[in-house]
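Trainee: I'd like to go over a predicted model; first the sequence, then the structure.
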Amino acid sequence: MFDLLNLNPSTFGLDISDMSLKVIKIKKQKNQLRIGAMNEISLPAGVIEHGEIKNEKKLAEAIQRLVDKTPGLDTKHVVVSLPEEKTFVSLIEMPKMSDEEIKGAVCFEAENYIPFSVEKVYLDSQIIKRSDNSLNHVEVLLAALSKKTVDSYVSAIYRAGLIPTSMETESQATVRALIKGQKTKKPIFIIDIGATCSNFSVYFRDSMRFTSFIPFSSNKLNIAIAEDMKIKKSKAEKLKTSYGFQQTGARAKKLFKIMLPILTEFSWEIKKHIDYYGIHAKHEKFLNNGKETKNIVICGGGANLRGLTKFLSQETGLIVQKGNPLINLPIEDKEIKNLLKRKKLLSYTTAIGLALGDVL
C-alpha cells in the first residue's frame, strides 16, 4: 500500500503489437528471478496498423481487460514496447568530448542523420564506447521516434489506468532477453518474426549497432495458405503449426510448395540486410579480429515454424538458431518451465525483455 512512496516501483512488461497484447511480471525472491504473471490476448483488427494506433479507446479497453484477467501483476507501473517500424536508429561518430557535451551536441548532429524534422521526434542517445587514443571520435547510438506515435501510446496506457515508467523499442527489449549478460564477442544478427512484420537488428559487444524491419510475417504465410487452399485463416494457422515447413507427406508437401516462394523472398531480404550492414560497418570486422559474423538468432511467434531454421541456414549459409528468452532468467521450477513451453515462449521474447529491465 506504500507503492506510491516507492521511488523505484515494481513494474511489468507490456508488449503491444498489431495483433496482440502480452504481459510478463518478473519477481526477485531471495536473489532469484521468477515469473510472477504471464498472459496474452488478441487485438481486434484495425486497432493498430503497422505500429500506428487507429483506435485508442479500444486499445485502452483491451489493455485494461488483459490486466484485469491476469493475477499476480500487483502494480500499475508498466514498461511498454514501441513499434520498431516507427523507429529510426543509427550509430554515429562524434568528435571526442565529455559526456555532457555529447548529450548537448546530439540534437544538432541528429539533423544530419534522421530523415525527418527533429522538432517532430523524441531523441535518445547512448555513448557506446570510448575510442582508442589513436582515434579522434566517439561512437554514439542515436534513436529517434515520432512524437505523435509515442504520445498516442502514452495516452492509451494512461487511459487504461496504468502508469508508464519507461518505453523501449521492440529490439531493445528483445536483445535484453536473448543476449547473455548483454555482452557478445562478435556481432549477432537477431530476427524477431512477428505476426505483421519482422524486426532485424545487430548486437555487438554491449550495445545495439543497427536496426531495421523486414516486410515478412507469420500472418503472410497464413494468408497464402488460406487463399491457395480456399480455407479460413484460422484453419491455415492450424495446418502450418501441425505440418511446419517440411516435405514429409502429401499435405506437408502441399504446404511447403505454398510457403516456399514467400520464405525464399524472406531469406533474400535477410541477406540484403546483412550485406547492407557489412558495407556500412567495416570497422566491426576489425573490432572482431577480422572474423565475419556467422550467427543468426530468430525469435518471435513466427520462429516456432518447424523446419524454418534449417531452411534459413541453407539459404544464407550462416548458423541459424532459435533464441532462448530465458538465458538471463534461470528458472529451476519445472511447473513454471512447463507453463512457459505451453505459452510458446519465443512469442514472449519482447515482453520478457521489457520485464527484465526492472530486475537486472
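Mentor: Structure received. Numbering: from 1, shown residues only.
Trainee: ranges for the helices of the stretch 1-150 of the chain?
Mentor: With DSSP state H, counting those that start in this stretch as the criterion, the stretch 1-150 of the chain has helices at 56-68, 99-110, 147-159.
Trainee: can you redo these as TSV with mean neighbour count, distance to Y243 and mean pLDDT?
Mentor: Any C-beta I mention is one placed from the backbone N, CA and C, and that applies to glycine too. As requested, these are arranged in TSV below (neighbours: other Cβ atoms under 10 Å; distance: least, Cβ to Cβ, whole Å; pLDDT from 0 to 100):
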stretch	mean neighbour count	distance to Y243	mean pLDDT
helix 56-68	18	31	97
helix 99-110	14	48	84
helix 147-159	17	37	96
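Trainee: tell me which of these lies nearest to D228.
Mentor: Of all these, helix 56-68 sits nearest to D228, with 31.7 Å by Cβ to Cβ.
Trainee: K57 is in contact with A160, correct?
Mentor: No. Counting by Cβ atoms under 8 Å, A160 stays clear of K57, with 10.2 Å between them.
Trainee: correct me, but P325 touches R176?
Mentor: No. Checked against Cβ under 8 Å, the pair P325 and R176 is beyond contact range at 9.7 Å.
Trainee: anything in contact with each of these two?
Mentor: G353 (Cβ atoms under 8 Å, 6 or more residues apart in numbering).
Trainee: distance from the chain centre to the longest helix anywhere in the chain, please.
Mentor: For the chain, the longest helix by residue count, based on DSSP state H, is helix 250-280. Put simply, helix 250-280 sits 20 Å off its chain's centre (Cα atoms, centre = their mean, to the nearest Å).
Trainee: buried sites along that helix?
Mentor: 252, 254-256, 258-259, 263, 266-267, 269-270, 273-274, 277 (16 or more other Cβ atoms under 10 Å).
Trainee: check which element follows the lowest-mean-pLDDT helix or strand in the chain along the chain.
Mentor: Sorting the helices and strands of the chain by mean pLDDT, DSSP states H and E puts helix 282-287 at the bottom, at a mean of 51. Downstream of helix 282-287, the first helix or strand assigned by DSSP states H and E is strand 295-299.
Trainee: send me that next one as PDB with only the CA atoms.
Mentor: Only the C-alpha atoms of strand 295-299 are listed here, as PDB (Å, rounded to 0.1, in the frame of the first residue of the first chain):
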ATOM      1  CA  ASN A 295      25.200 -16.500 -36.300                       C
ATOM      2  CA  ILE A 296      21.600 -15.500 -36.800                       C
ATOM      3  CA  VAL A 297      19.200 -15.800 -33.800                       C
ATOM      4  CA  ILE A 298      15.500 -15.900 -34.500                       C
ATOM      5  CA  CYS A 299      12.600 -15.300 -32.100                       C
END
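Trainee: end-to-end on stretch 35-51?
Mentor: One end of stretch 35-51 sits 27 Å from the other (Cα to Cα, to the nearest Å).
Trainee: ok, and for it, which residues are buried?
Mentor: Neighbour-count burial for stretch 35-51 flags I35, G36, A37, M38, N39, E40, L43, V47, I48, G51 (criterion: 16+ other Cβ under 10 Å).
Trainee: for those, work out which two are farthest apart.
Mentor: G36 and G51 (28.2 Å).
Trainee: thinking again about what came up before, would you turn the buried residues of stretch 35-51 into TSV with distance to Q29 and pLDDT?
Mentor: Below are the buried residues of stretch 35-51 laid out as TSV (distance: Cβ to Cβ, whole Å; pLDDT from 0 to 100):
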residue	distance to Q29	pLDDT
I35	11	84
G36	9	85
A37	14	88
M38	16	89
N39	20	92
E40	24	94
L43	32	96
V47	36	97
I48	35	96
G51	35	93
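Trainee: okay if I get the residues you listed as JSON lines plus distance to S201?
Mentor: Shown next, in JSON lines, are the buried residues of stretch 35-51 (distance: Cβ to Cβ, whole Å):
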{"residue": "I35", "distance to S201": "25"}
{"residue": "G36", "distance to S201": "28"}
{"residue": "A37", "distance to S201": "27"}
{"residue": "M38", "distance to S201": "24"}
{"residue": "N39", "distance to S201": "26"}
{"residue": "E40", "distance to S201": "23"}
{"residue": "L43", "distance to S201": "24"}
{"residue": "V47", "distance to S201": "26"}
{"residue": "I48", "distance to S201": "21"}
{"residue": "G51", "distance to S201": "16"}
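Trainee: before we move on, back to that, for the longest helix of the chain, packing partners?
Mentor: Applying 3 or more Cβ pairs under 8 Å, 6 or more residues apart in numbering; DSSP states H and E, we find helix 250-280 packed against strand 184-193, strand 198-205, strand 207-214, helix 218-229, helix 233-243, helix 308-316.
Trainee: alright, that wraps it up for me.
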